[in-house]
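Asks: Quick check, what structure comes out for this input:
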Amino acid sequence: MVDIDLEDLAKQVQAARDIIDDVSALLEDAARSVVVEVINATTCKLRYVGRDISHGAFEVLPAAVIEPFSSNVFGARSASGGIATGTEGIVRYAMDDVGTECRVRWDNPFSGGNEAEVFMGGPNRELYSYNSAITGGNKKVPARFIIGEKALLREPESAWITCGRCKALYHAPGGSQGACPPTKHTGQTTITFDDGTWISATGDVWDPHQPSGWILGVPYGQYALHRSEGWRRCQRCKMLYWDGVLNGSRGVCPSGYINSAHLHVAEGHAYLLPYDVRTAPGLQNDWRFCEKCFVLFFEPHDVDNSCAAGGKHRATAHKFQVNIV
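Replies: Predicted structure coming up:
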């Protein structure tokens, strides 16, 4: 897998220039001051839980919550009337997963170099990536802290695309393929058995999927919070489906053997889909799980007769996301 640069992700969610300018203006008269930007490039909320100012004071307080894929800007300054003092402090944030905490620290001393650091602690600290930067100088010094998820910094498997007919997500590295549920008709088909033998017979035949829209990517290989496990690619229909059991069912694959159960057959990676999170840059939302056929389908473009189990797909409550390549 190829790492995506944390800085590139941060550029898409950093604060607007006018917000930074407004905080900077309030620090004009301080002997030493820092404009702090905390960028939350994760699917979790950063919840403010405490602060410690070793030197100086806050001019603008940190926000109570930094939403996913957003940032917060606050300001710290040396004490008014203080002699030979700078500003140094720590702000602590709790992550959504209980016990994991993020701390950002800055130091703009009266003498010596400026410093910025990020500390991550708790049971799930290894799920996150982070860095920090601070410039030189005395007044309105910018300090930036980036908190990211390792799962979001991995290149997903690409060559996935939406079918224009059934609205499911299918894998098409060499173009249109698989089996599209609304195109069922009677014809000559080849039945391949698990032992590699095959026969040719007249029976149900499905046309390939019809590619539509963007090329998409599906993440795998790195666990994170707000990730749904158990998603696989079906060897037969090429659609992305959930490889589990719900209400005694394992879903329906349109291209099963004649006169036998139409079940999905897993191949490839075990995928991990973000769900019920704020839409991030480069992610497409509104993908849903059909509780009848078990595939992932794009709800805004759903149409009649698109489910392998008959009729329309029936969505469950969760909303999933895939990557736009």
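Asks: Val98 and Arg47: what is the separation?
Replies: 11 Å (C-beta to C-beta, to the nearest Å). Yep, even glycine has a C-beta here, placed from its N, CA and C like the rest.
Asks: So for the two, which sits in the more crowded spot?
Replies: A direct count of neighbours by other C-beta atoms under 10 Å for Val98 and Arg47 places Arg47 higher, at 16 against 9.
Asks: Against Gly136, how distant is that one?
Replies: On the measure of C-beta to C-beta, Arg47 and Gly136 end up 32 Å apart.
Asks: before we move on, what about Asn114?
Replies: Relative to Gly136, and taking C-beta to C-beta, Asn114 is found at 6 Å.
Asks: Give me the more crowded residue out of these two.
Replies: Asn114 (19 against 8).
Asks: didn't the more buried one look like it was pressed against Thr135?
Replies: Yes: Asn114 is within contact range of Thr135, at 7.1 Å (criterion: C-beta atoms under 8 Å).
Asks: between these two, what contacts are shared?
Replies: Residues touching both Asn114 and Thr135 (C-beta atoms under 8 Å, 6 or more residues apart in numbering): Val141.
Asks: End to end on stretch 132-141, go ahead and measure it.
Replies: Distance between the two ends of stretch 132-141: 13 Å, counting by C-alpha to C-alpha, to the nearest Å.
Asks: Over to stretch 280-295?
Replies: 23 Å.
Asks: If you count neighbours, what's buried in it?
Replies: Buried residues in stretch 280-295, counting neighbours by 16 or more other C-beta atoms under 10 Å, are found at 280, 282-285, 287-295.
Asks: Just the ones of those residues in strands?
Replies: Residues from the buried residues of stretch 280-295 lying in strands, with DSSP state E as the criterion: Leu283, Gln284, Asn285, Trp287, Arg288, Phe289.
Asks: and which of those residues is nearest to Ile39?
Replies: Leu283 (16.8 Å; C-beta to C-beta).
Asks: Leaving out sequence neighbours, find the closest residue to Ile161.
Replies: Nearest non-adjacent residue to Ile161, counting by C-beta to C-beta, 6 or more residues apart in numbering: Pro211, 4.8 Å away.
Asks: any idea how far that neighbour is from Gln177?
Replies: From Pro211 to Gln177 the distance is 10 Å (C-beta to C-beta).
Asks: want to throw the ones in strands among the buried residues of stretch 280-295 into JSON lines with pLDDT and distance to Cys307?
Replies: Rendered in JSON lines, the data for those read as follows (pLDDT from 0 to 100; distance: C-beta to C-beta, whole Å):
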{"residue": "Leu283", "pLDDT": "87", "distance to Cys307": "25"}
{"residue": "Gln284", "pLDDT": "91", "distance to Cys307": "21"}
{"residue": "Asn285", "pLDDT": "90", "distance to Cys307": "21"}
{"residue": "Trp287", "pLDDT": "96", "distance to Cys307": "15"}
{"residue": "Arg288", "pLDDT": "96", "distance to Cys307": "12"}
{"residue": "Phe289", "pLDDT": "97", "distance to Cys307": "12"}
